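Novice: here is my input; please provide its structure:
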Amino acid sequence: MLDHNASVLLIYTGGTIGMIEDEVTGALKSFDFQRLRQYVPELNRLKFNIDTIQFEIPIDSSDMNPDKWKKIVRIIEEHYDQYDGFVILHGTDTMAYSAAAISFMIENLTKPVILTGSQLPIGKIRTDGKENLITALEIAVDKDRDGNSFVSEVCIFFQNLLLRGNRTTKVNAANFRAFNSFNYPAMAEAGTYIKYRHDLIRRVEKNVRPEFHYLLDTNIVTVRIFPGIMPQTVKAMFAIPNLKGVILETYGSGNAPTEIWFLDIIREAVKKGIVVVNVTQCASGSVEMDRYESGQTLRDIGVVSGYDMTAEAAIAKLMFLFGHGLEPKQVKWYVNLSLAGEITID
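Specialist: I've put the predicted structure just below:
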């Protein structure tokens, strides 16, 4: 049910959706989002209030970083009580990372925070940006008969699907269906109507105030193994000064080389207090470290299973946990807990 008295805050960080084509040069350039209705006149037919805030200098999503995440979360915190929902316009390349990070940075979220964007600029005739934007705005104000938001978590809306943000990965650089959530179903699908899967959407206590977190530690690294990876490469990655966590991207259900040099490097890192989290390179499925001998060996030397977490979610989660000053033993414990719906554990 759309609330015609509702208000949405639209936060523009940058990205393709906010580009228009220069009529003279043909080059793409950012436009002033205060003039949004000029470029998307369909917004005038939405019967609720839309306010906009844009980064002083719109950024390419390739330049997104934890400081920018903090800026987004600060904007949401400062305006939380004024709006019924928030839509973040973001470049697609790092959208999944941002969605995962923000899901951890806002605890007890009771309102929609929806990231969206486009593969074509908003000024293009065939742009997917208008549909993504308009539907994301509608979802941001959709409520039940008691006035509660249908969606109370951080999501990505793209090409008709509402996906849990920390379960999402970019899968296509050109197709309009640029994102997928392989290990968690879509929470809503937009067609003639917006059909919600209410059983899949997280719920929090109605009277609990959200908590906003800004402590992130970037002393982590990802190591994607491949056949023929050299010992000096792995050793150099694990020898980075002040390193606290490693996302180990393994084969299949969590398998990795069993060569002595490889296991010795990981064993030594774990002894030094570096947390090593095992996530699969596969698009779907889960790490099962009890299934094969190579996975069991990693488990026995202290590697932690990431189960079905995406690499993006695992990176953001380690930044968040280490940012709060937790000891390695505590980080390992929290890695195997669902903080924001990012992991499935039997």
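
Novice: right, and residue 187 touches residue 196 too?
Specialist: Yes. In this structure, residue 187 is within contact of residue 196 by CB atoms under 8 Å, at 6.8 Å. Placement of C-beta: from N, CA and C, glycine included.

Novice: ok, the two, which is more surrounded?
Specialist: Between residue 187 and residue 196, residue 187 has the larger neighbour count (other CB atoms under 10 Å), namely 26 against 18.

Novice: okay, and the common contacts of residue 187 and residue 196?
Specialist: 151, 162 (CB atoms under 8 Å, 6 or more residues apart in numbering).

Novice: pLDDT weak spots in this protein?
Specialist: Low-confidence segments of the chain (pLDDT under 70): 1-4, 21-23, 26-36.

Novice: quick one, domains of it?
Specialist: Domain assignment for the chain by automatic domain parsing gives 7-212, 220-335.

Novice: out of these, nearest to residue 344?
Specialist: Ranking the domains of the chain by proximity to residue 344 (CB to CB) places domain 220-335 first, at 5.1 Å.

Novice: quick one: end-to-end distance for the closest one.
Specialist: Start and end residues of domain 220-335 are separated by 14 Å (CA to CA, to the nearest Å).

Novice: let the chain start at 33 from now.
Specialist: Got it, first residue is 33 now, which makes that one domain 252-367.

Novice: need the helices for the stretch 183-332 of the chain, in chain order.
Specialist: Ranges of helices in the stretch 183-332 of the chain, per DSSP state H, counting those that start in this stretch, are 263-270, 292-303, 325-332.

Novice: quick revisit: possible to save the domains of the chain as CSV with distance to residue 373?
Specialist: Formatted as CSV, the domains of the chain follow (distance: least, CB to CB, whole Å):
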stretch, distance to residue 373
domain 39-244, 5
domain 252-367, 10
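
Novice: which secondary structure state does residue 120 sit in?
Specialist: Secondary structure, DSSP: H, G, I helix; E, B strand; the rest coil: residue 120 is strand.

Novice: OK, contacts around it?
Specialist: 43, 45, 104, 130, 134, 145, 146, 147, 148.

Novice: PyMOL command for the buried members of those?
Specialist: Per 16 or more other CB atoms under 10 Å, the buried members of those correspond to this PyMOL selection:
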select buried, resi 43+45+104+130+134+145+146+147+148
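
Novice: what about the contacts of residue 120, which are in helices?
Specialist: Mapping the contacts of residue 120 onto helices (DSSP state H) picks out 104, 130, 134.

Novice: circling back to that earlier point, so which of the helices of the stretch 183-332 of the chain gets nearest residue 178?
Specialist: Among the helices of the stretch 183-332 of the chain, the nearest to residue 178 by CB to CB is helix 325-332 (46.1 Å).

Novice: what is that closest one packed up against?
Specialist: strand 277-282 (3 or more CB pairs under 8 Å, 6 or more residues apart in numbering; DSSP states H and E).
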